[in-house]
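Q: sequence and predicted structure below; questions after.
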Amino acid sequence: MLFYKDGFQEDLVHCQKTQPPWEFLLSASRTSLQSYELSRLSHAANLRKEIGALLDQWLEENASAMLARWLMEQRERPSQALESASTGEPPLRSGHAVSDNFFADRSGSPAANRGPS
């Protein structure tokens with residue numbers, strides 16, 4: 001299943017609950033049960049590989065977002081230093097990041113959700 005949001009394509013994981021085929025399992029021969037067991041173990045192994053790939057992708061996406069945030073903050077620092085030097089006031093920091101919008105529905109302060117500054 002594909003989902004398009006803001007021009008970006010996102011893959012959604014489709015979760016399906018599977019009930020074992022009880023009639024088949026209760027009447028199956030030992031060979032059939034072994035075959036069923038192997039197919040389920042194979043499917044579980046494939047799911048584990050997909051989860052690993054998703055975690056890797058998630059880490060990469062978060063690292064890219066954090067890099068962009070860091071670059072934005074680095075670009076703001078020289079201009080803030082120049083402004084504070086000309087006015088003699090300490091630089092103001094709004095403490096608001098785009099990621100705060102994402103975490104707005106969670107209970108804690110935005111700064112707590114963002115981690116150490």
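A: All right, it came through fine. Given the structure is predicted, the values throughout are model-derived calculations rather than measurements.
Q: which stretches of the chain form helices?
A: 22-27, 30-87, 98-102, 110-114 (DSSP state H).
Q: of the ones you listed, which shows the lowest average pLDDT?
A: Lowest mean pLDDT of these: helix 110-114, a mean of 50.
Q: still on that earlier bit, a markdown table please, covering the helices of the chain and showing distance to Gln16.
A: Placement of C-beta: from N, CA and C, glycine included. As requested, those are exported to a markdown table (distance: least, C-beta to C-beta, whole Å):
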| stretch | distance to Gln16 |
| --- | --- |
| helix 22-27 | 17 |
| helix 30-87 | 12 |
| helix 98-102 | 28 |
| helix 110-114 | 32 |
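Q: tell me how far the nearest residue to Ser32 once chain neighbours are set aside lies from Met66.
A: Taking C-beta to C-beta, 6 or more residues apart in numbering, and ignoring the residues beside it in sequence, Ser32 has Phe24 as its nearest neighbour in space, at 7.7 Å. Phe24 is 49 Å from Met66, where distance means C-beta to C-beta, to the nearest Å.
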